[in-house]
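Q: after the sequence you'll find the predicted model.
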Amino acid sequence: MTRSRPTRLLLALLFGASSILAAQQPAPTAGQEELARGRLDGQVAAQAIGTGGWFIGGVASGVLTGLIGTTVIWIAAGSTDVSVPADRRLQIVNQTAVYQQAFESGYGEKLKVQRKRSALRGGLLGTAAFVVWYLASADATSDYAY
């Protein structure tokens with residue numbers, strides 16, 4: 001399929017303009033780099049925190065109340081307050097205020113995501129276990145019907 005000359009010219013101009021605009025992006029400032037580094041370090045620190053309690057709570061709520069309980073614990077996991085532990089605060093005390101704020105922000109965001117994910121997985125597992133148990137017991141009782 002051949003294109004007309006004006007179409008090729010238009011495509012070349014659009015490609016050239018987008019390349020020029022992309023090249024004119026300003027370089028990140030020291031503050032932006034500090035912000036990004038703090039947020040990333042906070043997220044990495046949050047990954048080391050266990051969320052097994054939220055998983056167990058999700059399983060329990062899923063078994064006892066099904067999808068409603070799963071939803072409730074997922075919401076609860078996302079609405080909890082998250083604070084950086086004292087030992088982590090001592091490790092970043094020599095950093096700039098921008099870095100510390102970004103670290104706390106990244107830490108809190110990542111830990112909430114992990115908690116919500118664990119609670120949801122546990123809740124779905126508990127709900128599935130309840131459904132399997134219910135279907136198995138319903139099938140067992142139907143075997144005895146005459």
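A: It's in. Residues are numbered from 1 along each chain as shown.
Q: what's the closest non-adjacent residue to Gly108?
A: Of all residues not flanking Gly108 in the chain, Val82 sits nearest, at 4.1 Å (Cβ to Cβ, 6 or more residues apart in numbering). Placement of C-beta: from N, CA and C, glycine included.
Q: in which helix or strand would I find the most centrally placed residue in the chain?
A: The centre of the chain sits closest to Val113, judged by Cα atoms, centre = their mean, with a distance of 3.6 Å. Using DSSP states H and E, Val113 sits in helix 97-143.
Q: in the protein, where is pLDDT below threshold?
A: Residues of the chain that meet the criterion pLDDT under 70 lie in 1-4, 9-11, 13-28, 30, 142-146.
Q: how far away is the residue nearest to the centre of the chain from Ala46?
A: With distances taken as Cβ to Cβ, to the nearest Å, Val113 is found 9 Å from Ala46.
Q: coming back round to it: tell me the secondary structure of the residue nearest to Gly108, please.
A: For Val82, the assignment made with DSSP: H, G, I helix; E, B strand; the rest coil gives coil.
Q: and it, how many residues sit next to it?
A: Val82 has 14 neighbours, counted by other Cβ atoms under 10 Å.
Q: my read: it touches Gln114, true?
A: No - counting by Cβ atoms under 8 Å, Val82 does not reach Gln114; the two are 10.1 Å apart.
Q: what's stretch 110-130 in contact with?
A: The contact list for stretch 110-130, computed with Cβ atoms under 8 Å, 6 or more residues apart in numbering, reads 42-43, 46-47, 49, 51-52, 54-64, 66-67, 69-71, 73-74, 76-78, 80, 82.
Q: just these: which are in helices?
A: 42-43, 46-47, 52, 54-64, 66-67, 69-71, 73-74, 76-78 (DSSP state H).
Q: just the buried ones from these?
A: Neighbour-count burial (16 or more other Cβ atoms under 10 Å) is assigned, among the ones in helices among the contacts of stretch 110-130, to 42-43, 46, 54-55, 57-59, 61-63, 66, 69-70, 73-74, 76-77.
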